[in-house]
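Participant: sharing a model that was predicted from the sequence below.
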Amino acid sequence: MEQPILQVEHLTKFFSVGPHAEVHAVDDVNFTLRRGRTFGLVGESGCGKSSCARTIIRIYEPSQGKIIFNGQDIAHLKPRQMQPVRRNMQMIFQDPYASLNARMTVRDIIAEPLKAHHVCKSKQEVDEKVFAMLNRVGLTAEHAGRYAHEFSGGQRQRVGIARALVLNPALVICDEPISALDVSIQAQVVNLLRDYQQAEGTSYLFIAHDLSMVRYVSDDIGVMYLGQLVESSDSEEIYKNPLHPYTKGLLSCIPIADPKLARAHASTGVEGDLPSPVNPKPGCRFCGRCPYAKPICSEQTPAMKEAAPGHFVACHLY
Ligand code: SF4
């Protein structure tokens, strides 16, 4: 079997917020991203998915665990050792307004990674790559001399995508790349990412809080709740046969045309708020919001089990 592009094993990131107080942002997370595929990481705001992404790309230092990228564990590489890895692992950020430098032209923004990694031998070669990339994301060479504030949100995100893709990385971490955009623009940006993946074989870790969009773009899905992965499987299986009460709750918020599927997803939704991630209590973290909670749930943390081939869930019901 082909080596996966990314294997995350027991990844943990805790932030100290005072004496004896730690935010368990990412807590023993495991998943595999197949080469050339998309793994969707989904959950409410504050569930730890962005912290997980930022730990994988080493913006945050992992507390524990392995990040095996292209066969190499990069979890504890020094900044200098990370340099060649970064060339192959890029990130698209959520906010196209905040993530682009307002003082730089679009040309300079897209050229920055080429210069940082000494990819081109001449200014002409840099320009050729920048203009070619602009075309691939649906912009033109005429846009190169303009500044970010002269563009719409969708166009800015295209610039952010061009910056991430200009090095033709093997893995792109897409951290909610469409949630700040108008609904009418979201599909265009998603289609742009999909077309690029089909042409280049790029792998994506796609972070989102909206399960309907994640299903559309992802081959496999992991559902996160309060720093932990609670369910994972291929995308069709999760949608047709959700097991974890939290996943069912997330899915019940999506309107479904097929009455059979709608019945399968019948649920009370996810009521209540996400509890604090500071020093979480033992037991299932979803316990306080789960309509199926039983005594064991507040006493023992449910282990991840394979409930069906390739379909994993952490819940005492299974
Ligand atoms: Fe609900 Fe218990 Fe399953 Fe947690 S382990 S999701 S509380 S049934």
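Facilitator: Arrived safely.
Participant: residues from this structure in reach of the ligand?
Facilitator: Taking C-beta under 6 Å from any ligand atom as the criterion, the chain approaches the ligand at residues 244-245, 284, 286-287, 290, 292-293, 297, 302, 315-317. The C-beta positions use only the backbone N, C-alpha and C, and glycine is treated the same way.
Participant: filter the residues you listed down to the ones in helices?
Facilitator: 245, 297 (DSSP state H).
Participant: compare the residues of the chain next to the ligand and tell me which is most surrounded.
Facilitator: Cys284 (27 neighbours; other C-beta atoms under 10 Å).
Participant: Leu11 is in what secondary structure piece?
Facilitator: strand 6-18 (DSSP states H and E).
Participant: contacts for that strand, please.
Facilitator: Applying C-beta atoms under 8 Å, 6 or more residues apart in numbering, the contact partners of strand 6-18 are 22-33, 39, 51-52, 55-56, 60-69, 75, 171, 203, 205, 278.
Participant: and stretch 86-101, by the same measure?
Facilitator: Against stretch 86-101 from outside (C-beta under 8 Å, 6+ apart): 50, 53, 57, 69-70, 109, 113, 117, 148, 153, 156-157, 159-161, 163-165, 167, 169-177, 179-181.
Participant: count the residues that sit near the nearest residue to Val29 once chain neighbours are set aside.
Facilitator: What sits nearest to Val29 in space, not counting adjacent residues and going by C-beta to C-beta, 6 or more residues apart in numbering, is Leu11, at 4.6 Å. Leu11 sits with 23 neighbouring residues when counted by other C-beta under 10 Å.
Participant: quick one: Leu11 from Gln3, how far?
Facilitator: 19 Å (C-beta to C-beta, to the nearest Å).
Participant: go on, Cys284?
Facilitator: 34 Å.
Participant: just name the shakiest helix or strand of this structure by mean pLDDT.
Facilitator: One helix or strand of the chain scores below all others by mean pLDDT, DSSP states H and E: helix 259-264, with a mean of 55.
Participant: now the helices for the stretch 51-200 of the chain?
Facilitator: Under the criterion DSSP state H, counting those that start in this stretch, helices of the stretch 51-200 of the chain are mapped to 79-88, 106-116, 123-136, 153-165, 183-200.
Participant: can you add mean neighbour count and give those helices back as a markdown table?
Facilitator: Converted to a markdown table, the helices of the stretch 51-200 of the chain look like this (neighbours: other C-beta atoms under 10 Å):
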| stretch | mean neighbour count |
| --- | --- |
| helix 79-88 | 13 |
| helix 106-116 | 19 |
| helix 123-136 | 16 |
| helix 153-165 | 23 |
| helix 183-200 | 15 |
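Participant: as a markdown table, those helices with mean pLDDT would be great.
Facilitator: Formatted as a markdown table, the helices of the stretch 51-200 of the chain follow (pLDDT from 0 to 100):
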| stretch | mean pLDDT |
| --- | --- |
| helix 79-88 | 93 |
| helix 106-116 | 95 |
| helix 123-136 | 95 |
| helix 153-165 | 94 |
| helix 183-200 | 92 |
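Participant: can I get those helices in a markdown table with distance to Phe15?
Facilitator: Listed next are these as a markdown table, based on distance: least, C-beta to C-beta, whole Å:
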| stretch | distance to Phe15 |
| --- | --- |
| helix 79-88 | 20 |
| helix 106-116 | 28 |
| helix 123-136 | 36 |
| helix 153-165 | 26 |
| helix 183-200 | 30 |
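Participant: per-residue pLDDT of the residue positioned nearest the centre of the chain, please?
Facilitator: By C-alpha atoms, centre = their mean, the mean C-alpha position of the chain lies nearest to Ile207, the distance being 2.7 Å. Predicted confidence (pLDDT) for Ile207: 95.
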